[in-house]
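S.K.: after the sequence you'll find the predicted model.
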Amino acid sequence: MRHYVTRSFATADQQMRHYVTRSFDLLTTTTICSWLTSTHLVPALKEMKGMSELHLANNKISDIGIGYLVPALKEMKGMSELGLGNSNISDICIGYLVPALKEIKGLSYLNLENNNISDIGIGYLVPALKEMKGMSRLYLINNHISDIGIGYLVPALKEMKRIMKLKLHHNNINDPGIKELGSIIKYMNSLQYLSLWGNNITSDGNNYVKQVWNDAGKPSNGLCLHHGSNPSCWD
């Protein structure tokens, strides 16, 4: 039986210690800052080694908080989902995070949307992604990824044979990046959803990726080049 915790922490230590006396598969939290992460959440997480999902989106964790969190993440080798969206984390944080991600080889969902990750951070992330053979959903929405970052990402995507959803909308990708990404779509047999709206792609770039998407036999409603173009693109 799966137990869920969704909690906004104000006074945390006794509450967290109470939680870890039970068995949790999933923890979702809000209103956590770096200080709470280090003093309350991390000691408790170290006792939750069997947790399969950890969602810490919409917090103020920042790079410092992620640094505190990494030792706990390294203990969660069986985790399948990690959500760190909208957490004020940067390239520095990705550098801290990568050693932990390399330990979580079974991760199938990684959400890093709405952060401050640039091409440098993607470069740091790629070695960990290459080891995540079971990754099926990768969300990098609304960061600062350009064609250079796509160049880093493409070799990792080639090795992620099970990826089904790749969300890259609202970044700084131009036509050269789209052409590089498009060149591997036919090899990504499991890919069913790709979001690219909100980038700097011209009509020629859009037409190119549409063509390679269709030629690869992908679902027509799985390619999102314009927000709201079909219901699957609304998020």
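M.R.: Sure, I can see it.
S.K.: who is the residue most central in space within the chain paired with across the strands?
M.R.: Central residue of the chain (C-alpha atoms, centre = their mean): residue 111, 2.5 Å from the mean position. Applying DSSP bridges to residue 111 gives these bridge partners: residue 83, residue 139.
S.K.: that one reaches residue 87, doesn't it?
M.R.: No - using C-beta atoms under 8 Å, residue 111 is not in contact with residue 87; the gap is 9.8 Å. (C-beta placed from N, C-alpha, C; glycine too.)
S.K.: quick check: neighbours shared by these two?
M.R.: Here residue 111 and residue 87 have residue 57 as joint contacts, going by C-beta atoms under 8 Å, 6 or more residues apart in numbering.
S.K.: picking that back up, please name the residues that touch the residue nearest to the centre of the chain.
M.R.: 55, 57, 82, 83, 84, 85, 137, 139.
S.K.: mind checking how far it is from residue 206?
M.R.: 25 Å (C-beta to C-beta, to the nearest Å).
S.K.: can you check residue 140 too?
M.R.: Distance from residue 140 to residue 206, by C-beta to C-beta: 19 Å.
S.K.: more neighbours: which of these two?
M.R.: residue 140 (26 against 18; other C-beta atoms under 10 Å).
S.K.: the more buried one touches residue 170, doesn't it?
M.R.: No - contact criterion C-beta under 8 Å: residue 140 and residue 170 do not qualify, at 9.6 Å.
S.K.: show me where the protein has strands.
M.R.: 4-8, 26-30, 53-55, 81-83, 109-111, 137-139, 165-167, 193-195, 223-224 (DSSP state E).
S.K.: lowest average pLDDT across those strands?
M.R.: Of all those, the minimum mean pLDDT falls on strand 4-8 (a mean of 41).
S.K.: residues contacting the closest residue to residue 215 other than its chain neighbours?
M.R.: For residue 215, ignoring the flanking residues on the chain, the nearest one in space by C-beta to C-beta, 6 or more residues apart in numbering is residue 186 at 6.9 Å. Each residue near residue 186 by C-beta under 8 Å, 6+ apart is listed here: 212, 215, 216.
S.K.: can you pick the most crowded of the residues you listed?
M.R.: Of those, with other C-beta under 10 Å as the count, residue 212 tops at 18 neighbours.
S.K.: in this structure that residue contacts residue 182, no?
M.R.: Yes - using C-beta under 8 Å, residue 212 is in contact with residue 182, at 4.4 Å.
S.K.: coming back round to it: nearest to residue 104 among the contacts of residue 111?
M.R.: residue 82 (7.3 Å; C-beta to C-beta).
S.K.: confirm for me that the closest one is in contact with residue 103.
M.R.: No - contact criterion C-beta under 8 Å: residue 82 and residue 103 do not qualify, at 11.7 Å.
S.K.: can you list residues touching both of those two?
M.R.: residue 73.
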